[in-house]
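> give me the fold of what follows.
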Amino acid sequence: MNIVNENIDGGKPFDWGRTSEDYAKFRDIYPPVFYEKIVDRRLCIKGQRVLDVGTGTGVLPRNMYRYGAKWTGTDISEQQVEQAKSLSEGMAIDYFTVPAENIDFTAESFDIVIACQCFWYFDHKKVMPIFYRLLKPGGRVLVLYMAWLPFEDKIAGASERLVLKYSPRWSGAGETVHKIDIPDCYFEGFDLVHSEEYTMRIPFTRESWNGRMKACRGVGASLTEAEIDAWEQEHMKLLSEIAPEKFDVLHYAAMAELKKK
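Numbering: from 1, shown residues only. Now for the predicted structure:
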């Protein structure tokens, strides 16, 4: 399903379904501390029901399943949901293909709503009341994000410049450490109770970093097959020149926790 948003990539269409196989293989990269930060907040643990909006291939539900929460995942892409179901085999996780703006579960049926790597895609004036209705009294909205730091990491910066060569309107470039921006409409029904940012180094091989970059919006979700092939050949050549076979890439993560009033 093509998504068009004038505020993202200059309105260039993208479709996460086109890159779902690479997404499933190469984007399950959050380190243990990423999940520990969530559990330290007493979130997504036994006795809680969690809705993961924009679940993608189910990375969060699958990796946090061991903490005992009851998970439901939704995503706009049917291909992403199919990957999530396949990778979650044997786990009692429910997945549904539905845009965030059309979610319609029973009122006050979740303790936590999570949006990881997808918050900025939503129509917030439509989504905020949905989140409010779905959450129990005192329920939480947890917004999560992780990105490489191109100005501080040589390999990330060079790879990002190559994405921009092929996809010059890609607006995912140029990340720096910053707080998650919460639109004002959320404060009609929620209070911000916690936010933090931290850095970490994520291990890759040339193949896995190439796959991670290929599975980004500026490459696999938006370029033609011919463009993707050309980008991949050029990227692998670049990595052979600037990166050892195994290396770390500097990332930062951010979280914002909102409590229902």
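> hey, let's count contacts and neighbours off CA atoms from now on
Will do.
> contacts for the helix or strand containing residue 233 next, please.
Element membership of residue 233 [criterion: DSSP states H and E] is helix 225-242. By Cα atoms under 8 Å, 6 or more residues apart in numbering, the surrounding residues in contact with helix 225-242 are 155, 159, 162-163, 166, 206-207, 210, 214, 219-220.
> just stretch 137-152 next, same as before
Taking Cα under 8 Å, 6+ apart as the rule, stretch 137-152 contacts 108, 110-117, 119, 131, 156-158, 160, 173-177, 180, 249-261.
> ranges for the strands of the stretch 51-200 of the chain?
Here the stretch 51-200 of the chain has its strands, by DSSP state E, counting those that start in this stretch, at 70-75, 94-97, 110-116, 135-148, 190-205.
> name the element residue 33 belongs to?
Residue-wise, residue 33 maps onto helix 32-40 under DSSP H and E.
> so who does the residue nearest to residue 27 when sequence neighbours are not counted touch?
Excluding the flanking residues, the one nearest residue 27 by Cα to Cα, 6 or more residues apart in numbering is residue 212, at 5.9 Å. Contacts for residue 212 (Cα under 8 Å, 6+ apart) come out as 22-23, 26-27.
> which one of the residues you listed has the most neighbours?
residue 23 (25 neighbours; other Cα atoms under 10 Å).
> name the element it belongs to?
Residue 23 is part of helix 20-26, with elements assigned from DSSP H and E.
> list of residues touching that helix?
With Cα under 8 Å, 6+ apart as the criterion, helix 20-26 contacts 57, 79-80, 83-84, 208-209, 211-212, 214-215.
> and those residues, which two are furthest apart?
Greatest spatial distance among these (Cα to Cα): 79 and 209, at 22.2 Å.
> re earlier: direction included, what does the helix or strand following the helix holding residue 233 pair against?
Next in sequence after helix 225-242, counting helices and strands by DSSP H and E, comes strand 246-260. Its sheet considered, strand 246-260 pairs with strand 135-148 (antiparallel), strand 190-205 (antiparallel) by DSSP bridges.
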